[in-house]
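A.B. asks: Generate a structure from the sequence data that follows.
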Amino acid sequence: MSWHAVYRSFDDDSLATLANAGLLRRALKDVEAGKVGWQDDVGGALVADGQRVLLDAGGPQKGRCDCPAPGICKHILAAAVWLRELPQDVEQDSEQEGSPAGVQEEVLALDSAAVCKQAGKPAVRQALAWLAEGDQADVTIVNARLQIELPLLKLGCSYLRGAGVDAMVSDTPAALRKALHLYALACVWRKHGREFAWPDGAAAAPVAAAQGMSTSELVFLAQVRRLLGELYDNGLSHASAIAAGQLRALTMSARSENLPRLAALLRGLGGTLDLLVRRDYHASERQAFEEMAAISALCAALEHAPGPLLQRLRGQARRSFDAAGDAPLELLPLGAYWWETRGGAHGLTLSFWQHAEGRIVQAVLARPDASDHSFTRESAWDAGSLWAGAGSARHMCEASWQLAGASLADDGRLAMDSRIRASAAPLWALDDARWQSLGFSDWTALAAFMSGNVGLAPEPIDCVLLRPAAVARPQLDEVAQRLDWQVFDASGAALDLQIPALPALRPRITRLQAAVADGADIRAVLASRARGEAGGWQPVALLIAKNAKLRVVSLDFEIDAGKLPSALARFFKSLGGTSLAPSAPQQASAASRVLAQVLDLLALQARSGRPRLEAELAGELARHGATLRALGLDLPAGLLAAYVSAPRAPEALRLAYVCTTCIALEAAG
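C.D. replies: Model (predicted):
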């Protein structure tokens, strides 16, 4: 069989995947116009539209062309199409065509040990990490091509009959391609009850160097940065499902590299890109750009952090729960709330006040995705028992509790351990002295607390407890499309709480409106915001004095809160399916306003994918730089000057992270 018979396996879909559909159309026109043929009679090099093309049995990926275009050009594609359409003799036809299942038999007959050796140790280790997460593969035979779809990564690849592993086709970046193809082949083998002959010790975790990151971890960080650069250069307005799939692959790789904090950020960005691809109004290019900046900053910090700080930046893949001591934990329920992340995780968080430590502790019921259809908002609230003797989350909000044998993580997470025993006690009396130490009653103290938790190293704060001296009536901001609610401390200082006017948050808005309209005696407010995200605090639960007793009202779950006020009902109806405008951040100073304007311009450039700054935009940024220097903000001003002189992805992301951090520090206090 001649070497060019391999090209019969490359159909239009596989060739378009290697390049793009437009380039393939141009190549097909060249073939139809008779512009492709052998350079000489013996069948060596080819000529395509006047260019010399060299191909061999390795497929188009191994092709070379003397034109200046990088990668797989239209001449290589045209030569590949011409070769696949060459007539073959009867003997060759019988060898090549056979049964459609022949390509699957070829995959199952591969020498797996040789395939692993050819892929290399990093690809083997990454493929094994993905296999630990799942091995599902949807396999389809299309002519001479085995199409392998991987639901876990939402990516796919193709194996072409007779072309070998090196000629497998996928949209994956080169840095991940070998690992993805190896993982896909291993999944096909497992589907048929077989296991790859993995190298000895391949599954062992990488050993970090004593003073910093291991070599494989540094290589992985370079992969992450390379993908961020590609997203920026292509323009976030042109983000594709392929990029979101690549981020899912990197997320699982980050877990295998013992980088759970980076994995969480990558998962969030992947979720945002999924929404952008679907044109969902819950996400924006600005949001994705700021997430990219945080990921880039964390990568830089991981590369240079010393030992103790490095461990904090890595995060914890699994919490380490330690026994809370011999004495039972005494807990006051603060309420529960439902949450969903852009990455697909969702769950219920039940918060308690631990008086002995003066802090919030939490129990979480969650799922990483939507695969468990029995886990819903209603079932999480009403069904099951968190601990022996405790009952459901609804029941736990009706009494205070003592937990015997409880275990706590460093971040205040309560272990869901069947050995824990819960016993109920009455809720605190309204004249209980413990109220004086509950939460924050001074917004200045709250600001100081939050300012100490800005940056990459601290654990993000997603929940605070407020004890307002007075509250205002909630107001609907139709321009910003949210419900605003001001609460005041004893000195009369106002703190703005917000609930976006999203259909999913109707219950929260309805019940808050009803509670305030009824003149509820609000003693405390549990406020939450998504981890690692900018934006205001949202009220999620209220502690109310009613009939001389304390009552805990969880705004996402309580059912006796009345109807939606007519103004809000009309507003929700008017939303239909239209996009929500982004909330306008409330700036506290001239510095924050300038920083926000710089961020807006950076995000505009990131959306477009333009490789250079227009003169007008460069001039506007330079003026902002002068203003920042006049305000004493030399660091962002210097980074802005560096970006104007070299408007590339690393400079843009570095500047964006510094701007968002400065704004967060000022907002915190």
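
A.B. asks: And the helices in the stretch 501-650 of the chain?
C.D. replies: Here the stretch 501-650 of the chain has its helices, by DSSP state H, counting those that start in this stretch, at 506-517, 566-575, 590-608, 615-630, 634-645, 649-668.

A.B. asks: Show residues contacting the fifth one.
C.D. replies: Residues from elsewhere that reach helix 634-645, judged by Cβ atoms under 8 Å, 6 or more residues apart in numbering: 595, 598, 602, 613, 618, 621-622, 624-626, 628-629, 651-652, 654-655, 658-659, 662. In this view, the C-beta of every residue, glycine as well, is placed from N, C-alpha and C.

A.B. asks: how far does that helix sit from the chain's center?
C.D. replies: For helix 634-645, the separation from the chain centroid amounts to 28 Å (computed by Cα atoms, centre = their mean, to the nearest Å).

A.B. asks: So for it, what gets flagged as buried?
C.D. replies: Buried positions in helix 634-645, judged by neighbour count with 16 or more other Cβ atoms under 10 Å: Pro636, Ala637, Leu639, Leu640, Ala641, Tyr643, Val644.

A.B. asks: Quick one: mean pLDDT for that helix?
C.D. replies: Throughout helix 634-645, pLDDT has a mean value of 93.

A.B. asks: by contact count, what packs against the longest strand anywhere in the chain?
C.D. replies: The residue-count maximum for a strand in the chain (DSSP state E) belongs to strand 329-340. Counting contacts by 3 or more Cβ pairs under 8 Å, 6 or more residues apart in numbering; DSSP states H and E, strand 329-340 packs against strand 346-354, strand 359-367, helix 377-382, strand 400-404, strand 521-528, strand 538-546, strand 549-554.

A.B. asks: strands paired with that strand, and their directions?
C.D. replies: Its sheet considered, strand 329-340 pairs with strand 346-354 (antiparallel), strand 400-404 (antiparallel) by DSSP bridges.

A.B. asks: Moving along the chain from the last one, name the first helix or strand you hit.
C.D. replies: What it means is strand 400-404. Counting by DSSP states H and E, the next helix or strand C-terminal to strand 400-404 is strand 407-408.

A.B. asks: Out of the buried residues of helix 634-645, which comes closest to Val47?
C.D. replies: Using Cβ to Cβ, Tyr643 is the member of these that lies nearest Val47, at 46.2 Å.

A.B. asks: Can you name the two of the buried residues of helix 634-645 that sit furthest apart?
C.D. replies: Using Cβ to Cβ, the pair of the buried residues of helix 634-645 lying farthest apart is Pro636 and Val644, separated by 12.5 Å.

A.B. asks: Would you mind extracting the C-alpha trace of stretch 473-487 into PDB?
C.D. replies: The C-alpha coordinates for stretch 473-487 follow below in PDB (Å, rounded to 0.1, in the frame of the first residue of the first chain):
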ATOM      1  CA  ARG A 473     -37.100  50.700  52.800                       C
ATOM      2  CA  PRO A 474     -35.600  48.800  49.900                       C
ATOM      3  CA  GLN A 475     -35.600  50.800  46.600                       C
ATOM      4  CA  LEU A 476     -35.700  49.500  43.100                       C
ATOM      5  CA  ASP A 477     -33.000  51.000  40.900                       C
ATOM      6  CA  GLU A 478     -34.400  50.400  37.400                       C
ATOM      7  CA  VAL A 479     -31.300  51.800  35.600                       C
ATOM      8  CA  ALA A 480     -28.900  49.500  37.500                       C
ATOM      9  CA  GLN A 481     -31.600  46.700  37.600                       C
ATOM     10  CA  ARG A 482     -31.200  45.800  41.200                       C
ATOM     11  CA  LEU A 483     -32.900  46.300  44.600                       C
ATOM     12  CA  ASP A 484     -30.900  48.600  46.900                       C
ATOM     13  CA  TRP A 485     -31.300  48.400  50.700                       C
ATOM     14  CA  GLN A 486     -29.500  50.700  53.100                       C
ATOM     15  CA  VAL A 487     -28.800  49.600  56.700                       C
END
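
A.B. asks: Quick check: closest non-adjacent residue to Leu259.
C.D. replies: Spatially, and ignoring its direct neighbours in sequence, Leu259 is nearest to Arg314 (5.7 Å; Cβ to Cβ, 6 or more residues apart in numbering).

A.B. asks: now, among the buried residues of helix 634-645, which is nearest to Ala79?
C.D. replies: Of the buried residues of helix 634-645, the one sitting nearest to Ala79 (Cβ to Cβ) turns out to be Tyr643, at 42.8 Å.

A.B. asks: Just give the closest residue to the closest one, not the sequence neighbours.
C.D. replies: Closest to Tyr643 by Cβ to Cβ, 6+ apart is Glu651, at 4.2 Å.

A.B. asks: What's the separation between that neighbour and Val516?
C.D. replies: 47 Å (Cβ to Cβ, to the nearest Å).

A.B. asks: same thing with Arg267?
C.D. replies: 36 Å.

A.B. asks: Over to Val540?
C.D. replies: 15 Å.

A.B. asks: just Leu46 next, same as before
C.D. replies: Remark: distance between Leu46 and Val516 (Cβ to Cβ) = 77 Å.

A.B. asks: out of those two, which sits in the busier spot?
C.D. replies: More neighbours surround Leu46 than the other of Leu46 and Val516, with 25 against 16 (other Cβ atoms under 10 Å).

A.B. asks: who does that one bridge with?
C.D. replies: Residues in beta-bridge contact with Leu46 (DSSP bridges): Trp38, Val53.

A.B. asks: ok, it touching Val31?
C.D. replies: No - when contacts are counted by Cβ atoms under 8 Å, Leu46 is not listed as touching Val31 (11.3 Å).

A.B. asks: joint contacts of these two?
C.D. replies: By the contact definition Cβ under 8 Å, 6+ apart, Leu46 and Val31 are jointly contacted by Trp82.

A.B. asks: mind listing what Gln39 touches?
C.D. replies: Here Gln39 is in contact with Ala45, Leu46, Val47, Arg52 (criterion: Cβ under 8 Å, 6+ apart).

A.B. asks: Correction: the previous question concerned Met396.
C.D. replies: Met396 neighbours (Cβ under 8 Å, 6+ apart): Pro333, Leu350, Leu386, Ala390, Ala422.

A.B. asks: Name the nearest residue to Arg508, ignoring sequence neighbours.
C.D. replies: Once flanking residues are discounted, Arg508 sits nearest to Leu555: 4.5 Å by Cβ to Cβ, 6+ apart.

A.B. asks: Hmm, that neighbour is touching Leu543, no?
C.D. replies: No - Leu555 lies out of contact with Leu543 (Cβ under 8 Å); the separation is 11.8 Å.

A.B. asks: ok, Phe196 to Arg190 distance?
C.D. replies: 9 Å.

A.B. asks: no wait, Asp462
C.D. replies: For Asp462, the distance to Arg190 (Cβ to Cβ) stands at 38 Å.

A.B. asks: out of these two, which sits in the busier spot?
C.D. replies: More crowded of Asp462 and Arg190, by other Cβ under 10 Å: Asp462, with 19 against 15.

A.B. asks: quick one, phi/psi of that one?
C.D. replies: When read as degrees, to the nearest 10, the backbone of Asp462 gives phi -110, psi 0.

A.B. asks: quick revisit: which of the contacts of Met396 sits closest to Leu550?
C.D. replies: Nearest to Leu550 out of the contacts of Met396 is Pro333 (Cβ to Cβ; 9.8 Å).

A.B. asks: any idea how far the residue lying closest to the closest one once chain neighbours are set aside lies from Val471?
C.D. replies: Spatial nearest neighbour of Pro333, chain neighbours left out: Cys397 (4.7 Å); criterion: Cβ to Cβ, 6+ apart. Per Cβ to Cβ, Cys397 is found 21 Å from Val471.

A.B. asks: So those two - more neighbours on which side?
C.D. replies: Per other Cβ under 10 Å, whichever of Cys397 and Val471 has more neighbours is Cys397, with 23 against 19.
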